[in-house]
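Engineer: Any chance you could fold what I've pasted below:
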Amino acid sequence: MVVDSTVQAFGLECRVTVGPLQVLIVERDLHVRELETHFFEQAGYTVNTAIDGQVALELAISLQPDVIVTEVLLGKIDGLALCRQLKSNPVTKNIPILVFSVLATNARAKEAGADAFLMKPLAKERLLGVIDTLVQSRDPANAQERR
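Structural biologist: I've put the predicted structure just below:
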C-alpha cells in the first residue's frame, strides 16, 4: 500500500510517501527536485522530498528511507552537515547518502560520511545507476523485489 500526502514540518511543506523502496530527495531547487522525483518514480521508487536540511533530518529519522540524495546548498542545515548528523545517529547511520551538487565538494562529502558523490548537471542514467548500486550494497536480497 502506498500513502501519499503533503505535510508541514518546521513550517515548511514537504512531500511524504510511504511505500516499497524509498528515496529521500533533499533539494532546494523546485525544478531539479521535480525532475529527480520524476526519474525515481519512473524507476519504481517511492519518493519523499524536503527543501532544507532540518526537515530532511526529521524525515530521515522518522521514515528511515532506503537512500538519501542531498544537495550541499540547503537552508538551516547544509547538505554536508546533514550527512554528518545522519551518519552519527544510530537510527540513520546505515542509510546510504549520495551528495549531488553543482559544487565540486567530493572530498568534503566523503569526509562528511557520504557514500557517493555526483556532480551536477542531472543525468538520469548516471543518477539512477549510482542509487541502484547504493541500494544494492545496503540490502542486495530485497532491493529489486521491493520496487
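Engineer: Return the residues in contact with the nearest residue to residue 100 once chain neighbours are set aside.
Structural biologist: Distance criterion CB to CB, 6 or more residues apart in numbering; nearest residue to residue 100, sequence neighbours excluded, is residue 118 at 4.8 Å. Just so you know, the C-beta spots here come from the backbone N, C-alpha and C atoms, and that holds for glycine as well. Shown in contact with residue 118 (CB atoms under 8 Å, 6 or more residues apart in numbering): 98-101, 126-127, 130.
Engineer: Quick one: the helices in this structure, in order.
Structural biologist: 30-42, 53-63, 79-88, 106-112, 124-138, 143-146 (DSSP state H).
Engineer: Identify the residues contacting the residue nearest to residue 84 when sequence neighbours are not counted.
Structural biologist: Nearest residue to residue 84, sequence neighbours excluded (CB to CB, 6+ apart): residue 112, at 4.8 Å. Applying CB under 8 Å, 6+ apart, one finds that residue 112 lies in contact with 80-81, 83-84, 87, 99.
Engineer: With neighbour count, distance to residue 73 and pLDDT added, can I get these in JSON lines?
Structural biologist: Listed next are the contacts of residue 112 as JSON lines, based on neighbours: other CB atoms under 10 Å; distance: CB to CB, whole Å; pLDDT from 0 to 100:
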{"residue": "80", "neighbour count": "23", "distance to residue 73": "10", "pLDDT": "96"}
{"residue": "81", "neighbour count": "15", "distance to residue 73": "12", "pLDDT": "97"}
{"residue": "83", "neighbour count": "27", "distance to residue 73": "13", "pLDDT": "96"}
{"residue": "84", "neighbour count": "16", "distance to residue 73": "16", "pLDDT": "97"}
{"residue": "87", "neighbour count": "16", "distance to residue 73": "19", "pLDDT": "97"}
{"residue": "99", "neighbour count": "28", "distance to residue 73": "11", "pLDDT": "95"}
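Engineer: Identify, from the residues you listed, the entry nearest to residue 61.
Structural biologist: residue 87 (12.8 Å; CB to CB).
Engineer: What distance do you get for the nearest residue to the closest one once chain neighbours are set aside to residue 130?
Structural biologist: Among residues not flanking residue 87 along the chain, residue 113 sits closest, at 3.4 Å (CB to CB, 6+ apart). Separation of residue 113 from residue 130 (CB to CB, to the nearest Å): 16 Å.
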